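Student: could you look at this predicted model? Sequence included:
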Amino acid sequence: MGSCRSTKNGSPVSEHRHVSGGHTHSQQSHAFDLPPLPASVEIFDTTLRDGSQQEGISLTVEDKVRVAEQLDHLGVTYIEGGWPGANPKDSEFFARAHRELKLATSTLVAFGSTRRAGVTAEHDEGLRTLVAANTPVVCLVAKAWDRHVEDALRTSLDEAVAMVADSVDFLVRNDKRVFVDAEHFFDGYRHHPEFALAVLRAAEEAGAQTLVLCDTNGGTLPSQLGSVVTEVVSKFSTGIGIHCHNDAGVAVANSLAAVGAGATQVQGCINGYGERAGNTDLTVAIANLSLKMHVRTVPEDRLERLTAVSHHIAELVNVTPNPQQPYVGPSVFAHKGGLHASAVARRRDLYEHVDPSLVGNAMRVVVSEMAGRSTLAMKSEELGLELDPAILGTILEDLKQLEYEGYHFEVADGSLELLLRRATGWTPSFFQVESFRVITDHHEDLRHGEVATEATVKVVIGDERRVETAEGNGPINALDAALRQAIGPAFPALDAVRLQDYRVRVLDTGRGTGAVTRVLIDSANPERSWTTIGVSENVIEASWQALYDSIIYALVHPAS
Ligand SMILES: [Zn+2]
């Protein structure tokens, strides 16, 4: 059924729907047909609850509000905001969310636990806090593995089932829609299926709207998980959800298998955040469900926001994006190498599993010494430069020579662009550098390890000569400060430019002439980021080259 649906929008990848594993496709073959699938699934994001358990992630209330806005912008069905009452931050988030978070598409969900053993639901403080969180939906976690009931709750299995029934009933009576996360469901189902099913049954009978099967330890494989979901779906009329952790590296695959088996809610986190190996990466799951399985997830016109939202949230949670993250990573549609790239130029659908623009990503040409003329031509086209085909050969020779000397242009897009611009006859005319000097002093009376660095830069802007001196905590910092002092007043666009990272690597070129130093500088303004490079036997000279390129690039592309 699934794969025979008519194609949308005539994208170059539509024919791939009958293809798997690189085999030749055939419109007649049904060997790779998908199982019957639901027309749509609910996307339940738990970045703000489960995702923020990731080591190193610590979100302020303000961060959480900003992440929720991004999730709404993408259009997920549900946003789990946290566990009100569990910590002051989550409590404050729900209070603020109620006042100022205006969600256009998504519905906010509060997370909590079933009532404690031996207490009525009415007298359980946790449940009362959940009601007070003022969200239309509550997601309740319930233990579905008998051993956890005995070891962690230290109560009877009957009481554990009653806790689920009472808690769901209480919340439903308080006008909540209730989802139940059956924690450790797959392990529980393996060890004591009657109990695991009794938990789901109690939730269903008390009025839960979705029964969410959780692979909490993340150790289940897709084939096992798919058959368990099939069995559960056949036993219940309530909607079934899936919540997977990535400990075996198959959280996304498990989530897709669950949808193939009839699940209609997929829980996970943007970028796969979460403790240990993380949760289902919703960015990847959404793309696969929408583009490959043709199951509706976020509103169709929002899918192209996927890459931007993924990167924006990465910035908010302060985690460097993974360049190889499927669909949204900066490297996943990058092509390198002469022959390959020239073939890509002719027939992109032969080298890309989907059209990157469908998820808001873009094909990118990576230029290195392996590049051929066509790679270079594509790169200049990407940059909007008109390069005379006659000089492509010369540029290529220069590029190869520079790479031999230690430059590495595939990681320095900023410097590469300037190199290509210069090849068109362009020279930057913003300012002329007369000279620079760096002095580093070591003073015995300074704290151990502290060294004072001072830089002087002499530049000419128009007819004005400027000599500026600045101090810094190192040569690059001092040079940057002096250069900005000298030219900043003439170029206010530099105010918005930040140097984000500075990397130095000593390269043994193997030519017997000693080592050279390669410096890479990452810079950004509010609209873009770029990397520039310098190579020299002298680390300060290499740093200066990279810094100079960074500043020139910033002046070529000022933020508006
Ligand atoms: Zn979880």
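Tutor: Yep, that arrived.

Student: grab the nearest non-local neighbour of residue 479.
Tutor: In space, and not counting its chain neighbours, residue 479 is closest to residue 455: 4.5 Å by CB to CB, 6 or more residues apart in numbering. Placement of C-beta: from N, CA and C, glycine included.

Student: low-confidence ranges, the stretch 351-500 of the chain, go.
Tutor: For the stretch 351-500 of the chain, the stretches with pLDDT under 70 are 369-370, 444-451.

Student: same check on the chain?
Tutor: Judged by pLDDT under 70, the stretches of the chain that qualify are 1-33, 337-342, 345, 369-370, 444-451, 509-514.

Student: for the residue nearest to residue 479, helix, strand, or coil?
Tutor: strand (DSSP: H, G, I helix; E, B strand; the rest coil).

Student: wait, it touches residue 475, no?
Tutor: Yes. Contact criterion CB atoms under 8 Å: residue 455 and residue 475 qualify, at 6.9 Å.

Student: so which of the two has more stuff around it?
Tutor: Remark: of residue 455 and residue 475, residue 455 carries more neighbours, 27 against 20, as counted by other CB atoms under 10 Å.

Student: quick one, what contacts the more buried one?
Tutor: Contact analysis of residue 455 by CB atoms under 8 Å, 6 or more residues apart in numbering lists 436-439, 469-472, 475, 478-479, 481-482.

Student: apply 7 Å and report the result again.
Tutor: 436, 437, 438, 469, 470, 472, 475, 478, 479, 482 (CB atoms under 7 Å, 6 or more residues apart in numbering).

Student: I'd say residue 66 and residue 316 touch.
Tutor: Yes. With contact defined as CB atoms under 7 Å, residue 66 reaches residue 316; the gap is 5.2 Å.

Student: of the two, who's got more company?
Tutor: residue 316 (21 against 17).

Student: and the more buried one, what does it touch?
Tutor: 63, 66, 67.

Student: check the gap between it and residue 377 for me.
Tutor: Using CB to CB, to the nearest Å, we find residue 316 at a distance of 38 Å from residue 377.

Student: what of residue 59?
Tutor: Note on residue 59: its distance to residue 377, by CB to CB, is 45 Å.

Student: quick one: buried residues of stretch 537-555?
Tutor: 539-540, 542-555 (16 or more other CB atoms under 10 Å).

Student: closest one of those to residue 136?
Tutor: Proximity of the buried residues of stretch 537-555 to residue 136 was ranked by CB to CB; the top entry is residue 554 with 46.9 Å.

Student: need the residues that contact whichever strand or helix holds the closest one.
Tutor: Element membership for residue 554, per DSSP states H and E: helix 539-556. Here helix 539-556 makes contact (CB under 7 Å, 6+ apart) with 414-415, 417-418, 428, 430, 436, 438, 475-476, 479-480, 483, 491, 493-494, 497, 499, 504, 517-521, 523, 525, 530, 532-536.

Student: mind checking which of those are buried?
Tutor: Buried among the contacts of helix 539-556 by 16+ other CB under 10 Å: 414-415, 417-418, 428, 436, 438, 475-476, 479-480, 483, 491, 494, 497, 499, 517-521, 523, 525, 530, 532-536.

Student: so which of these belong to helices?
Tutor: 414, 415, 417, 418, 475, 476, 479, 480, 483 (DSSP state H).

Student: which residues touch residue 522?
Tutor: Per CB under 7 Å, 6+ apart, neighbours of residue 522: 500, 501, 529, 531.

Student: most neighbours, which of those residues?
Tutor: residue 531 (23 neighbours).

Student: what residues are bridge-paired with it?
Tutor: residue 522 (DSSP bridges).

Student: quick check: neighbours shared by residue 455 and residue 475?
Tutor: Joint contacts of residue 455 and residue 475 (CB under 7 Å, 6+ apart) are residue 438.

Student: after the helix or strand hosting residue 139 comes which helix or strand?
Tutor: In the assignment (DSSP H and E), residue 139 maps to strand 137-143. Going down the chain from strand 137-143, the next helix or strand is helix 146-148, by DSSP H and E.

Student: contacting residues around the helix or strand just after that following helix?
Tutor: As assigned by DSSP H and E, the chain's next helix or strand after helix 146-148 is helix 157-173. Residues outside helix 157-173 that contact it (CB under 7 Å, 6+ apart): 114-115, 117, 121-122, 127, 130, 138, 140, 142-143, 146, 149, 153, 178, 180, 195, 198-199, 202-203, 205-208.

Student: after helix 157-173 comes which helix or strand?
Tutor: Following helix 157-173 toward the C-terminus (DSSP H and E): strand 177-183.

Student: parallel or antiparallel, which strands does that next one pair with?
Tutor: strand 137-143 (parallel), strand 210-215 (parallel).

Student: mind checking how far the helix or strand following the shortest one is from the chain centre?
Tutor: Yep, that's strand 210-215 we're talking about. Moving toward the C-terminus from strand 210-215, the next helix or strand (DSSP H and E) is helix 222-235. Its chain's average C-alpha position is 30 Å from that of helix 222-235, according to CA atoms, centre = their mean, to the nearest Å.

Student: report all helices and strands that helix 222-235 contacts.
Tutor: helix 185-191, strand 210-215, strand 239-244, helix 251-260 (3 or more CB pairs under 7 Å, 6 or more residues apart in numbering; DSSP states H and E).

Student: can I get these in CSV including mean neighbour count and distance to residue 343?
Tutor: Putting the helices and strands packed on helix 222-235 into CSV (neighbours: other CB atoms under 10 Å; distance: least, CB to CB, whole Å) gives the following:
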stretch, mean neighbour count, distance to residue 343
helix 185-191, 22, 44
strand 210-215, 27, 41
strand 239-244, 27, 37
helix 251-260, 26, 29
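
Student: save those as a markdown table, and put in distance to residue 334 too.
Tutor: Formatted as a markdown table, the helices and strands packed on helix 222-235 follow (distance: least, CB to CB, whole Å):
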| stretch | distance to residue 334 |
| --- | --- |
| helix 185-191 | 37 |
| strand 210-215 | 33 |
| strand 239-244 | 29 |
| helix 251-260 | 21 |
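
Student: closest one to residue 271 among the ones you listed?
Tutor: Nearest of the helices and strands packed on helix 222-235 (CB to CB): helix 251-260, 11.8 Å.

Student: the inter-axis angle of that closest one versus strand 210-215?
Tutor: Calculated by axes from the mean of the first three to the mean of the last three CA atoms, to 10 degrees, helix 251-260 forms an angle of 140 degrees with strand 210-215.

Student: show me what counts as buried in stretch 75-82.
Tutor: 75, 76, 77, 78, 79, 80, 81, 82.

Student: name the nearest of the residues you listed relative to residue 279.
Tutor: Residue 279 lies nearest to residue 80 out of those, by CB to CB, at 11.2 Å.

Student: ok, that closest one to residue 44 distance?
Tutor: Per CB to CB, residue 80 is found 7 Å from residue 44.
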